[in-house]
Structures are given as C-alpha cells and as structure tokens.
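Engineer: pasting the structure only:
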C-alpha cells in the first residue's frame, strides 16, 4: 500500500510538472485514474507542505518552485554545473550559438546547463530541466548512437515520436528513419540535425563518455538558427565540440556522478 501511495504521489507530481499553469482536480483524478476524493487528499498533503498551490480564482492546482529549488540545489551540490560551465562558455563563445550540457538520467536525457553565445540577431534558446526529445534533437541522436540499436529503439519508442506540428519538417516519422539517422551519427562520430526539432534550426552534439565503461553519460551540444549554423560552420566547430566532450569525459568527479545516475537503472535491466 505504501508503495502504491508513493507511486500515486510521484505520478501526480510528474503530471503537474508537465502543466505549468496547473490542472483542475477532476482532470487530475481522471488522468491518474484515481477517485476524485483520493486525488484531493494527495493534493491537500502537498499543499500543506507547500509543494503544490491552488489558484484562488481558477481552482487549478500547480507545483510551487519548491521542487525546482531542490533540483537546483542538488545539481549545485553535485558540482556538475560548476565543472561544465567553463567548457560551455568557451563553446558558446567559439560558436556564437547556444551550448548546452545534457546528462543521462536513465532512461531519460535532461538538459541541465547552458551558455548563450549569440549576442545579437536571431537567438536559439531552450529550457533547462526539460527532457530531451530523442528522435529529433542532436542531443538525443548522439546518445541513441552510443547504444545498441535494440536499446535505442526501445528508448525512442518509450518516449514516442513528436506529432508533425511539434517538430521540424525533417523529423523522422518512423523507426527505420530514426535508426538511419542514428547510423549516420555513429559513422560521423557526432550528431548533426537540420530542421528536425524545429523549423529554421540546426544542432550538433557529442557524447561525454565514462572513462572506465565507455558508456555515454551525457553530451554537449551546439544549436542555433540554420542560416548561421551551416554545414561549413559545423565542420569548423566539430573538432572543438569533440575536444570539449573529451575534456569533460576525463573529469573524474563528473564522470563518477553521471555514471551513478545511469548505472542504477542499467543494473535493473540486467
């Protein structure tokens, strides 16, 4: 019973995290397939501890910043952002585009830090803390390319393909099309996408690997408007991106922490 209750609380938190403006009680109960009274009890507990608030006017329930604060505090204490920030800053300055760090929190890939290199004109930016779309981003393709095809396909299908209106015109629509991009990424040594995640954007990404296991534990990416981040620009930046990923791969404190995030779930698969 305790495990079931905990699962319901976590499902509730994850649901609200996906709806920044909150949800009404009935919608929460229906989505989680629990009685309205049960949903209300869970929400009342979370409200009491100030993890959830209820909007007075609409009656909607939404997460407070307390969860975000905990996450940021955890990342700060882990040292991940501090270690990677100087590398991100250098990539952003060299490219004049957005540089980001994603970490593997198996079976998810999450963006946790960034540096913006664009000082004027068009700027591409992204939300930190959001789960990476595996099938359409360079970040996602880089990670999938580090895995066996069967595992890569399983992770991609678990997340699902984005609907056409939510991604770029070149986004893969089928598993064979995605695996073809994964194969291209392996052959190239880093990921490159053009208008797959969003129209008018391009990106490239290289994996951070654990020095002991060789398993990808995160990656670095550069993203920007496709009119600036051209193939010629990509080719000039690739050595710098790969070198930066190699630098972070060699940092013991970073690799040990990131390996721990992905290692627990991997053990469960075996």
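Structural biologist: Now that the structure is in, tell me what you want to look at. Please read all numbers here as calculations on a predicted model, not as lab measurements.
Engineer: separation between the residue with the largest distance to the centre of the chain and residue 248?
Structural biologist: Of all residues in the chain, residue 37 has its C-alpha farthest from the mean position, at 34.0 Å, by C-alpha atoms, centre = their mean. Relative to residue 248, residue 37 is positioned 49 Å away (C-beta to C-beta, to the nearest Å). C-beta here means a position set from N, CA and C on the backbone, and glycine is covered the same way.
Engineer: thinking again about what came up before, list of residues touching the host helix or strand of the residue farthest from the centre of the chain?
Structural biologist: Per DSSP states H and E: residue 37 is located in helix 36-48. The contact list for helix 36-48 (C-beta atoms under 8 Å, 6 or more residues apart in numbering) reads 8-9, 12-13, 25-26, 28-29, 32, 52-54, 61.
Engineer: swap in 6 Å and give it another go.
Structural biologist: If you take C-beta atoms under 6 Å, 6 or more residues apart in numbering as the criterion, helix 36-48 is touched by 9, 12, 28, 29, 52, 61.
Engineer: can you list which of those are found in helices?
Structural biologist: 9, 12, 28, 29 (DSSP state H).
Engineer: okay, now the last one: neighbour count?
Structural biologist: Just to be clear, that refers to residue 29. 20 (other C-beta atoms under 10 Å).
Engineer: what's the answer for the third one, then?
Structural biologist: With neighbours defined by other C-beta under 10 Å, the count for residue 28 comes to 23.
Engineer: ok, the second one next?
Structural biologist: Residue 12 has 23 neighbouring residues, counting by other C-beta under 10 Å.
Engineer: quick one: pLDDT of it?
Structural biologist: Residue 12 carries a pLDDT value of 94.
Engineer: next one: residue 70
Structural biologist: 79.
Engineer: shouldn't it be within a helix?
Structural biologist: Yes - per DSSP: H, G, I helix; E, B strand; the rest coil, residue 70 lies within a helix segment.
Engineer: what is the nearest of the contacts of helix 36-48 to residue 183?
Structural biologist: Lowest distance from residue 183 to the contacts of helix 36-48 (C-beta to C-beta) belongs to residue 12, with 39.8 Å.
Engineer: ok, now which ones touch the closest one?
Structural biologist: Residue 12 neighbours (C-beta under 6 Å, 6+ apart): residue 42.
Engineer: output the below-cut-off pLDDT ranges for the stretch 1-150 of the chain.
Structural biologist: 1-3, 72, 75-76, 78-79, 120-129 (pLDDT under 70).
Engineer: so where do the strands sit in it?
Structural biologist: Secondary structure of the stretch 1-150 of the chain (DSSP state E, counting those that start in this stretch): strands at 52-54, 61-63, 98-105, 108-116.
Engineer: turn the ones you listed into a markdown table, including mean neighbour count.
Structural biologist: Shown next, in a markdown table, are those (neighbours: other C-beta atoms under 10 Å):
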| stretch | mean neighbour count |
| --- | --- |
| strand 52-54 | 18 |
| strand 61-63 | 21 |
| strand 98-105 | 25 |
| strand 108-116 | 20 |
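Engineer: out of those, flag the one nearest residue 169.
Structural biologist: strand 98-105 (20.8 Å).
Engineer: what's the spacing between the nearest residue to residue 179 once chain neighbours are set aside and residue 248?
Structural biologist: The shortest distance from residue 179 to any non-neighbouring residue, by C-beta to C-beta, 6 or more residues apart in numbering, is to residue 149 (6.0 Å). Noted for residue 149: a distance of 26 Å to residue 248, by C-beta to C-beta.
Engineer: distance of the residue nearest in space to the middle of the chain relative to residue 51?
Structural biologist: For the chain, the residue nearest the mean C-alpha position is residue 110 (2.5 Å; C-alpha atoms, centre = their mean). Plainly put, residue 110 is 20 Å away from residue 51 if you go by C-beta to C-beta.
Engineer: do the same with residue 167
Structural biologist: 32 Å.
Engineer: and if you look at residue 74?
Structural biologist: For residue 74, the distance to residue 51 - C-beta to C-beta - is 15 Å.
Engineer: residue 251 now?
Structural biologist: Counting by C-beta to C-beta, the gap from residue 251 to residue 51 is 33 Å.
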